[in-house]
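>>> requesting a structural model of the entry that follows:
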Amino acid sequence: MTLDTNLLPKILHMQKTLFSSLRLKDVLDNAVSQLSQVAGGAKVAIFLSDNDSLSLKLMSLGGYQAATAENLRVVPFTAESLLKSVVQRRQPALARNAQEAPDLSAAVMQREQSQGQIGLPLIASNLLVGAVLLDVNDPQLLQMVDVLKDVADLVALAVGNSILFGRSEYERERLGTLYKTSVALSGSSLKTAEVLQITADTALILGNTPHCAVLVFDQQQQRFHVAAFKGLDGNSLNEFNLGVTSTIAGNAIVSGRSEYVPDADRYQHQLPRASTGANFGSVLAVPLSHETEPLGVVCLFSTEQRGFHREQLELLESLAQQSSNALHVALTHESATAQSIQDAHTELYNRWHFEDALQKEIERSQRHKREMAVVLVDIDHLSRVNDLLGHEKGDQVIKHVAKVLKASLRDIDVPCRYGAEEFALILPETSSQAAYDVAERLRQTMRNETVPGIGMVTVSLGLAAFPANAENGSDLMRVVEEALDVAKFEGRDRVKVCGSGAPVVTGRIPWEELVRQAKLAVVSERQSRLNNRLNPPSESGYAPWMRATPGWGARKKD
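Below you'll find the predicted structure:
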């Protein structure tokens, strides 16, 4: 094959095509197509320079095999290839065969079986904006490097124009987003949940990433709480290190400055994962503070290394300033009204807040087609503690159970005081199996952590999942209460999942019949409890652990 001698019309057509659009993708795709035609069907790859990561990033290509495209996805400036020479000298570089080519170029040439390779710089306004790689099948093209360099200059000019246009559009769009956010925050200044949600949503736009978390700082405990998140695997939040010492968020809150980790490999043990299960390659933490008071941190995650840039950081810091002011007002307001949603005895949320939070979580799960679960926890034989040891000891048991629940759950979980001796847990982003594992772990923890002066305390737990077991909040609570009744009916100190039957000698009792028997047993037990208050039971009627309690005998004689 010989080089097409009618080159001028092709170059003129290429020029017209390149400048027909200001969208970078259009320019790059057109450049690949036109360069291939001008270079007699050569394979073409176009890279743009990323000075932050000191690498060339593949933006568009044509003709190459998928394996080659993957190898060329990111090429460090220092990688042994023709592109290294292009970057350093800003001049074309070529290799006539694989034997004289640098390592990366040789590997590409061998895989593509090319007869030569050419690297061309893309220079606009004296700046290296990228490079072109050509793998050719006609060795005569290697004699036309000067002509191809002129063609590459046209590509560079078109790319430079589209980059400037893209940046101006980016700035306009992002500034518009910040303005809209400011308006939205001013309208939500008394509602912490709305402030956090607006902050998370805007951070995703400004950071150009689907993964973020807003952390609220607890000065008393010196740790963070996950207040809002997007694009994270809910189960992996257990792995999120929310301490202050030697963490990315902690460094940001202590220094009062944004913390950027372009390569997060060494932090994987303390980070959550993406909703896809992938690890994160880079992390950006922007502090939230009002005057000298630290409020929290906005954390953005990217599955790519060096996934964030300086322009994004400046916009995110502007967002953080707006959000900090709104969050300070909201927290100040809600600190005065917290008692309306908090159980004063256990410092957990009360039943009113539980019902409101459950409805919101079900609506969120429906929108995003996610799973969630509810667990009811009942303290076994609390009435006996009250009757035999006094209500002060009973209160101590309730506080102990509440403490264990708070310490054992994730920040996104919602533990509530549901009744006198019952607690309700909302577990977002949690399947039925995962919720069972959580409930069983809670049951074991309760058994292992004794209460001073009382001994071992056990709990019964009922569990139901949405949407697997119910389609709305009222049905979900009905079936989870049935599961709890069955757990108590079958002997207490166990976890029962909604809909699972109990093995008996003759087979398996249908769940509906098991629920009916359990309800009758609960009613009967309550009636018996009322009778016992009028007629104190004999010693043989008490559980073994109650009879063994120090001081019990003396109290009974009194």
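
>>> following the chain past the helix or strand hosting A487, name the next helix or strand.
For A487, the host element (DSSP states H and E) is helix 473-489. Sequence order places strand 495-497 as the next helix or strand after helix 473-489, per DSSP H and E.

>>> in that next one, what counts as buried?
Neighbour counts over strand 495-497 (16 or more other CB atoms under 10 Å) mark 495-497 as buried. For every residue, glycine as well, the C-beta is placed using N, CA and C.

>>> parallel or antiparallel, which strands does the helix or strand where L463 lies pair with?
Secondary-structure assignment from DSSP H and E places L463 in strand 459-466. Here strand 459-466 is paired, per DSSP bridges, with strand 372-379 (antiparallel), strand 495-497 (parallel).

>>> quick revisit: which of the buried residues of strand 495-497 sits closest to R364?
Nearest to R364 among these, counting by CB to CB, is V497 at 22.8 Å.

>>> pretty sure that closest one contacts S432?
Yes - the pair V497 and S432 qualifies as a contact (CB atoms under 8 Å) at a distance of 6.5 Å.

>>> which neighbours do the two have in common?
Common contacts of V497 and S432 (CB atoms under 8 Å, 6 or more residues apart in numbering): L463.

>>> need the strands paired with strand 459-466 in CSV (columns: distance to Q113).
Below are the strands paired with strand 459-466 laid out as CSV (distance: least, CB to CB, whole Å):
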stretch, distance to Q113
strand 372-379, 55
strand 495-497, 60
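
>>> make CSV out of those and add distance to Y64 and mean pLDDT.
Listed next are the strands paired with strand 459-466 as CSV, based on distance: least, CB to CB, whole Å; pLDDT from 0 to 100:
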stretch, distance to Y64, mean pLDDT
strand 372-379, 45, 96
strand 495-497, 53, 95
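
>>> among those, which is nearest R96?
Counting by CB to CB, R96 lies closest to strand 372-379 out of the strands paired with strand 459-466; the figure is 63.3 Å.

>>> toward the C-terminus, what is the element adjacent to that closest one?
Next element after strand 372-379 (DSSP H and E): helix 382-389.

>>> distance from the chain centre to that next one, please.
In terms of CA atoms, centre = their mean, to the nearest Å, the centre of helix 382-389 is found 44 Å from the chain centre.

>>> which residues of the stretch 1-150 of the chain score low on pLDDT?
Residues of the stretch 1-150 of the chain meeting the criterion pLDDT under 70: 1-13, 15.

>>> got the residue ranges for the strands in it?
Using DSSP state E, counting those that start in this stretch, the strands of the stretch 1-150 of the chain run over 43-50, 55-62, 74-76, 93-95, 116-124, 127-136.

>>> and the stretch 151-300 of the chain, by the same measure?
Under DSSP E, counting those that start in this stretch, the stretch 151-300 of the chain gives strands at 211-218, 223-230, 259-261, 282-290, 293-302.

>>> going by mean pLDDT, which of these comes out lowest?
Ranked by mean pLDDT, those bottom out at strand 223-230, with a mean of 85.

>>> now that one, how far from the centre of its chain.
In terms of CA atoms, centre = their mean, the centre of strand 223-230 is set 10 Å apart from its chain centre.

>>> contact partners of it?
Here strand 223-230 makes contact (CB under 8 Å, 6+ apart) with 192-193, 196-197, 199-201, 204, 210-218, 237, 240, 242-244, 249-250, 253, 296-297, 410-412.

>>> hmm, try it at 6 Å
Contact with strand 223-230 is made by 196-197, 200, 204, 212-217, 242-243, 249, 411-412, as judged by CB atoms under 6 Å, 6 or more residues apart in numbering.

>>> check which residues of stretch 255-268 are buried.
By neighbour count on 16+ other CB under 10 Å, the buried set for stretch 255-268 is 258-262, 264, 267.

>>> got TSV for the residues you listed, with distance to M477 too?
Below are the buried residues of stretch 255-268 laid out as TSV (distance: CB to CB, whole Å):
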residue	distance to M477
S258	44
E259	43
Y260	45
V261	43
P262	47
A264	41
Y267	40
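
>>> S289: which of the residues you listed is nearest?
Nearest member of these to S289, counting by CB to CB, is S258, at 11.6 Å.

>>> quick one: V298 and L204 touch, right?
No - applying CB atoms under 6 Å, one finds V298 not in contact with L204, separated by 10.3 Å.
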